[in-house]
Structures are given as structure tokens and as C-alpha cells.
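Engineer: Pasted the sequence and its predicted model underneath.
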Amino acid sequence: MSYVAQGSPENIALAQQVNGRLRAESRIVTARAFLFRSIGLGAFAALSGVGIGAAAYGWATLNQFDTAAEKIAHAMQTALSDVTLKTKGEVTLTDNVLKLEGLPKGNGVPTPTKAQLGSEAAPASKAPVNTTFTVFKQVPYMDGQIVTGWNFRANEEQPYQQYCYFSRRSGEAKGQVEIKIDLAMDGKTLPQPQKSDVNLGILSTNCVWHDGKSL
């Protein structure tokens, strides 16, 4: 058995080796701790980014300007603006503008001819045909006109129905829009609407009835 004296070269070398080993293990532990901290911070940053992105998407969805209801309303408005209504079965005359040829001029009052009334025309079913025509009287009023219509049956001198309304056109972004307010029927003013600034009684004084007075 041999004993190494304290402070001998062998003890010094052993102490240096032990210190070196401890320092190496300490560096390994420090490196592992740094690695775990880096992984944790990276995961936290990634999850934070995902959360912020999801929150931004949700906010944009809830605060978008064009909602589904607005898109539907816009589509309906576009469709209705292109609709054209047509009626058939009635001959309409006006004493202001008449572009049909062949009418007797006489005193300037248009009168439908037999050919224009088409008294011989009949449907394929051979069902009876009722022929009517309308005469319009128009009185300018403010930015529109008061229109009175006289509905006549063929070969009758008196109208079977009369009606009166106010009409004017207003310019809109997509074209002209006609505003129509019914005023009277058969010489009598219609009931005044509760929520309306238009006085039907005043406007109906401009209606032109066939016999010159209320029926």
C-alpha cells in the first residue's frame, strides 16, 4: 500500500481532473436548461400567434359591413328595378297626346273608331267580350298633375266609373320613379289617411268629373 502526501503532484492532478469534470457537467446542465427554456418560449409565442389570429378573424366576421340581410335587400331592389308591368284588354285615350293614326280630327276631341275598338274581335273560346275605354283629364299641379279617368263601356254616353289621383315623377339614381296618390272615386274624396301630410280634400278640388260635379 502507498500513500500520496498532501500537496503532491498526484493530488494536484486529481483535484484538477475532478474540478474539470464538475465544470463540464455544470455546463451540460446549463445547456439543457437553456434548451428547455427556448422550447417553452417558442411554444408560447406560437400559441399566442394562433390566438391573436383567431381573435382577429372573429372580430372581422362580426364587424363586416355587408351583412347577409343587406345583400338580399340589394339583390331584391336590383331585380324589382328591372320589372316592367303591362296590362291588356283596355283602350286608353288621352286628350293631350294621341299618336294613333286614322282618328277623326273634328273639334280636336279624340274619338275611337270602330276599327280601333275592335268590335269584331273575339277569343278562340267564343266567349262574350266586354269592350271599354278610358278618357283622361289632366290638370297641372305643383311639380306633378291631377289625373281624372273616365271609364266608358262601348256605345254608352256616361262613364260607369270615374277616379282621380295625383301623379308626379322624381329623379332617382337608377332613373325616373312615378309617385301616385289616389284622391277620389266617382266624385267623392277618399278618406284622409291618419299618417299623411297630403290633404286629399284640397287636391281633389282639381279633379275633373264628367258631369262637372260630384256624383
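Structural biologist: Thanks, I have it.

Engineer: Now do the domain split for the protein, please.
Structural biologist: Annotated domains of the chain cover 1-64, 87-206 [automatic domain parsing].

Engineer: Kindly compare burial across the ones you listed and name the winner.
Structural biologist: Sort those by mean neighbour count, taking mean count of other C-beta atoms under 10 Å, and domain 87-206 sits at the top with a mean of 13. Heads up, the C-betas are built off the backbone N, CA and C, glycines and all.

Engineer: now the domains of the chain as JSON lines including mean pLDDT?
Structural biologist: Output for those, formatted as JSON lines (pLDDT from 0 to 100):
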{"stretch": "domain 1-64", "mean pLDDT": "75"}
{"stretch": "domain 87-206", "mean pLDDT": "79"}
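
Engineer: This structure: strands as residue ranges?
Structural biologist: Applying DSSP state E to the chain gives strands spanning 91-94, 132-141, 144-153, 161-172, 175-185, 188-189.

Engineer: Dump those to CSV, plus distance to A122.
Structural biologist: Converted to CSV, the strands of the chain look like this (distance: least, C-beta to C-beta, whole Å):
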stretch, distance to A122
strand 91-94, 16
strand 132-141, 16
strand 144-153, 17
strand 161-172, 24
strand 175-185, 32
strand 188-189, 37
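
Engineer: Nearest to C207 among those strands would be which one?
Structural biologist: strand 161-172 (3.7 Å; C-beta to C-beta).

Engineer: Show me what that closest one packs onto, helices and strands only.
Structural biologist: On a contact count with 3 or more C-beta pairs under 8 Å, 6 or more residues apart in numbering; DSSP states H and E, strand 161-172 meets strand 144-153, strand 175-185.

Engineer: export these to TSV and tack on distance to Y163?
Structural biologist: Converted to TSV, the helices and strands packed on strand 161-172 look like this (distance: least, C-beta to C-beta, whole Å):
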stretch	distance to Y163
strand 144-153	5
strand 175-185	5
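
Engineer: re the thing from before, reformat the domains of the chain into a markdown table and put distance to G212 next to each item.
Structural biologist: Converted to a markdown table, these look like this (distance: least, C-beta to C-beta, whole Å):
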| stretch | distance to G212 |
| --- | --- |
| domain 1-64 | 62 |
| domain 87-206 | 10 |
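
Engineer: Now do the helices in the chain.
Structural biologist: Ranges of helices in the chain, per DSSP state H, are 9-62, 68-81, 114-117, 200-203.

Engineer: And those helices: which comes nearest K180?
Structural biologist: Nearest to K180, of all the helices of the chain, is helix 200-203, at 12.2 Å by C-beta to C-beta.

Engineer: Just send the helices of the chain back as TSV, with distance to V147 too.
Structural biologist: Below are the helices of the chain laid out as TSV (distance: least, C-beta to C-beta, whole Å):
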stretch	distance to V147
helix 9-62	51
helix 68-81	24
helix 114-117	22
helix 200-203	11
